[in-house]
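Visitor: Have a look at this fold, sequence not included:
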Ligand SMILES: N[C@@H](CCC(=O)N[C@@H](CS)C(=O)NCC(=O)O)C(=O)O
């Protein structure tokens, strides 16, 4: 590994956390540059030339520039020996990709109004009814994960995979949110307890929400 890769993004971002978790899990050295929200950077012409969306994260690895956090995580696994968490076998890999797509298509649209409506909105401005409604839908989505985890340690079985590492970040945002009610989801909770003790979760994920 010649040089450190660069990762742009503030550490409070769930999508940036994905890339930090995976880079550290694989032992990929990186330099992180604060960007997004109050740090700015994302609207500069230099940043936009790397990421035309003006969103975080973005990475640069030599000549390779990438945005979209799930794609970045897949790239890190493929480039830096991540076969243990992202196997080359097509069926195993597709099973993992399916959960990453599910996160983007199903969970994140429901997570955003709950997370932003509570953690990132002052209490006096929170729309309690809208949050309760959104939290109910988010709880139903996490019910799918809860059911799939029945009788299993991790999504694929005995060992955590890229899907566990990435989904766990958003499960934490759901389970650690003090402003919402949740149905009883024992498999989800037990799985997150197994995730939170991982060194990469202690370093990047398992903190009070901000
Ligand atoms: N689908 C994109 C979403 C990127 C995104 O929306 N990132 C948020 C942070 S999680 C962002 O850039 N917010 C604006 C900001 O922080 O200024 C990904 O997964 O990378």
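Guide: Happy to help now that I have it. Nothing here was measured: the structure is a model prediction, and the numbers come from that model. Numbers count the residues shown, from 1 in each chain.
Visitor: Can you tell me the closest non-neighbouring residue to residue 6?
Guide: With sequence-adjacent residues excluded and distances taken as CB to CB, 6 or more residues apart in numbering, residue 6 is closest to residue 60, at 4.4 Å. Where C-beta positions appear, they are placed from N, C-alpha and C, glycine not excepted.
Visitor: Find the residue closest to the residue of the chain found nearest the ligand in space, skipping its chain neighbours.
Guide: Using CB to the nearest ligand atom, the point where the chain gets nearest to the ligand is residue 36, with a distance of 2.7 Å. The spatially closest residue to residue 36, leaving aside those adjacent along the chain, is residue 56, at 4.2 Å (CB to CB, 6+ apart).
Visitor: What of residue 165?
Guide: The shortest distance from residue 165 to any residue that is not its chain neighbour, by CB to CB, 6+ apart, is 5.4 Å, and that residue is residue 21.
Visitor: Tell me the spacing between the residue nearest to residue 36 and residue 86.
Guide: Here the distance between residue 56 and residue 86 works out to 22 Å (CB to CB, to the nearest Å).
Visitor: ok, these two, which is more surrounded?
Guide: residue 56 (25 against 22; other CB atoms under 10 Å).
Visitor: Quick check: that one touching residue 17?
Guide: No. Shown here, residue 56 and residue 17 do not form a contact pair, counting by CB atoms under 8 Å, at 10.8 Å.
Visitor: still on that earlier bit, where does the residue nearest to residue 6 sit, in terms of helix or strand?
Guide: Element membership for residue 60, per DSSP states H and E: strand 58-61.
Visitor: Would you tell me whether that strand gets close to the ligand?
Guide: No. Contact check for strand 58-61 against the ligand, using CB under 6 Å from any ligand atom: none in range, with a minimum separation of 8.5 Å.
Visitor: Which elements pack onto that strand?
Guide: strand 5-8, helix 45-50, strand 64-67, helix 69-79 (3 or more CB pairs under 8 Å, 6 or more residues apart in numbering; DSSP states H and E).
Visitor: Residue 28: neighbour count?
Guide: If you count neighbours by other CB under 10 Å, residue 28 ends up with 21.
Visitor: Quick one: neighbours of the nearest residue to it once chain neighbours are set aside, just the number.
Guide: When the adjacent residues along the chain are set aside, residue 28 lies closest to residue 80, with 4.9 Å between them (CB to CB, 6+ apart). Other residues lying near residue 80 total 16 when counted by other CB under 10 Å.
Visitor: For residue 80, give me phi and psi.
Guide: Listed backbone geometry of residue 80 is phi -120, psi 40, with angles given as degrees, to the nearest 10.
Visitor: What does the pLDDT read for it?
Guide: At residue 80, the pLDDT value in this model is 98.
Visitor: how near is it to residue 86?
Guide: 10 Å.
Visitor: Surely the residue nearest to residue 165 and residue 167 touch.
Guide: No. Distance between residue 21 and residue 167: 11.2 Å, which falls outside the contact criterion (CB under 8 Å).
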